[in-house]
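K.L.:
One predicted model, sequence on top.
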Amino acid sequence: MNLALVVHVALRIMHKSPLFIGFNGLDMTEQQPVAVLGGGSFGTAVANLLAENGVGVRQWMRDPEQAEAMRNNRENPRYLKGVKIHPAVEPVNDLLATLHACELIFVALPSSALRSVLAPHAELLRGKLLVSLTKGIEAQSFKLMSQILEEIAPDARIGVLSGPNLAREVAEHALTATVVASEDEQLCQRVQEVLHGRTFRVYASSDRFGVELGGALKNVYAIIAGMAVALGMGENTKSMLITRALAEMTRFAVSQGANPMTFLGLAGVGDLIVTCSSPKSRNYQVGHALGQGLSLEEAVNRLGEVAEGVNTLKVLKVKAQELGVYMPLVAGLHAILFEGRTLNQVIELLMRAEPKTDVDFISTSGFN
């Protein structure tokens with residue numbers, strides 16, 4: 001019996017028990033609290049999941065008014081309107097106290113803010129378990145969030161959480177699966193212990209780079225998918241876009257050392273499908289607004305949240321050119337958003353391009 005199944009069975013038993021007993025035999029409500037840094041939708045959803053599993057949670061956010069409103073109203077109306085915050089979640093504004101009190105820290109900060117928020121407190125992160133929930137790439141360095149965490153806190157233990165995890169569905173207890181990825185097996189086990197529950201299944205992977213890169217790259221393609229839907233393109237077209245997006249993002253990730261098999265899992269094709277097909281996806285919403293004729297600025301303002309795909313697109317286009325990796329969808333979307341092209345023009349260029357093999361990692365020697 002594998003570890004994930006053992007965890008799943010154990011948690012099912014725990015939830016039927018009047019006293020929620022943790023894996024160390026102690027009441028988990030009496031254990032050290034777990035921190036969630038960030039007051040957005042996914043950070044709030046994860047905080048609730050932890051609390052529902054009997055874990056005390058300190059959810060830190062920069063805005064003291066938001067923290068106070070969440071404490072008083074037990075709701076995060078800006079990001080998850082209508083979802084009640086569990087009593088075991090404590091919205092807080094004191095970052096130093098939160099970092100002092102917690103060993104396991106889920107980082108759900110926007111990619112643009114992660115370094116500036118945590119770098120001044122690097123000493124407090126020594127030896128901590130830091131798990132990034134943010135799917136983005138830093139513009140200046142092309143570093144993933146876990147790489148930034150490693151740079152800030154080289155003595156910390158680092159992991160990432162990624163998968164087809166729309167925040168509202170997670171918060172509303174739709175059956176969901178995700179992947180925790182780290183070379184640190186004990187970190188993976190700890191995350192499975194506190195997050196794995198009756199509606200949220202946590203798988204483990206050692207390919208941290210591949211899992212995290214999949215979560216960042218798929219946001220770009222969700223913008224294209226949203227545009228295609230808004231423009232009334234057919235199901236065949238949407239399927240083609242998603243499938244070629246998977247080939248493209250896998251090609252790039254493998255050039256950077258990721259395992260191509262990772263992209264057949266939840267953090268690859270799973271996350272890509274949900275992000276490219278659901279109106280609940282932030283990046284899909286931006287693309288849909290663009291397809292309706294809004295400018296990029298208007299589309300982002302309408303969303304009211306960070307759409308990581310826009311920032312990722314800019315740095316990915318430059319990096320792909322630098323590395324010589326063939327990424328026609330990325331180049332095409334960049335041309336639409338920043339060079340004045342239309343989606344129809346980009347698709348026409350794609351259709352007229354030289355035919356290639358379907359899957360990069362299958363030998364074509366039999367055709368010769």
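P.N.:
The structure has been received and is ready for your questions.
K.L.:
what's the domain layout of the chain?
P.N.:
Domains of the chain are assigned by automatic domain parsing as 3-206, 210-355.
K.L.:
Could you take these and lay them out as JSON lines, with extra columns for mean neighbour count and mean pLDDT?
P.N.:
All C-beta atoms are positioned from the backbone trio N, CA, C, and that covers glycine. Shown next, in JSON lines, are the domains of the chain (neighbours: other C-beta atoms under 10 Å; pLDDT from 0 to 100):
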{"stretch": "domain 3-206", "mean neighbour count": "19", "mean pLDDT": "88"}
{"stretch": "domain 210-355", "mean neighbour count": "19", "mean pLDDT": "90"}
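K.L.:
which non-adjacent residue is nearest the residue sitting nearest the centre point of the chain?
P.N.:
Residue closest to the mean C-alpha point of the chain, counted by C-alpha atoms, centre = their mean, is Lys135 at 4.0 Å. Excluding the flanking residues, the one nearest Lys135 by C-beta to C-beta, 6 or more residues apart in numbering is Gly215, at 3.9 Å.
K.L.:
quick one: stretch 46-59 to chain centroid distance?
P.N.:
The chain centre lies 18 Å from the centre of stretch 46-59; the measure is C-alpha atoms, centre = their mean, to the nearest Å.
K.L.:
Can I get that stretch in PDB? Just the C-alpha atoms.
P.N.:
This file holds the C-alpha atoms of stretch 46-59, laid out as PDB (Å, rounded to 0.1, in the frame of the first residue of the first chain):
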ATOM      1  CA  VAL A  46      -6.000  26.300   1.600                       C
ATOM      2  CA  ALA A  47      -6.300  27.900   5.100                       C
ATOM      3  CA  ASN A  48      -9.800  26.500   5.300                       C
ATOM      4  CA  LEU A  49      -8.700  23.000   4.200                       C
ATOM      5  CA  LEU A  50      -6.000  23.000   6.900                       C
ATOM      6  CA  ALA A  51      -8.500  24.200   9.600                       C
ATOM      7  CA  GLU A  52     -11.100  21.600   8.600                       C
ATOM      8  CA  ASN A  53      -8.400  18.900   9.100                       C
ATOM      9  CA  GLY A  54      -8.000  20.100  12.700                       C
ATOM     10  CA  VAL A  55      -4.900  22.300  12.100                       C
ATOM     11  CA  GLY A  56      -4.600  25.700  13.700                       C
ATOM     12  CA  VAL A  57      -4.000  28.300  11.000                       C
ATOM     13  CA  ARG A  58      -2.500  31.800  11.000                       C
ATOM     14  CA  GLN A  59      -3.400  33.500   7.700                       C
END
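K.L.:
so what's the residue lying closest to Cys276 once chain neighbours are set aside up against?
P.N.:
Nearest residue to Cys276, sequence neighbours excluded (C-beta to C-beta, 6+ apart): Ala225, at 3.7 Å. Going by C-beta atoms under 8 Å, 6 or more residues apart in numbering, Ala225 touches Lys238, Leu241, Ile242, Thr275, Cys276, Ser277, Tyr284, Gly287.
K.L.:
Thanks a lot, catch you later.
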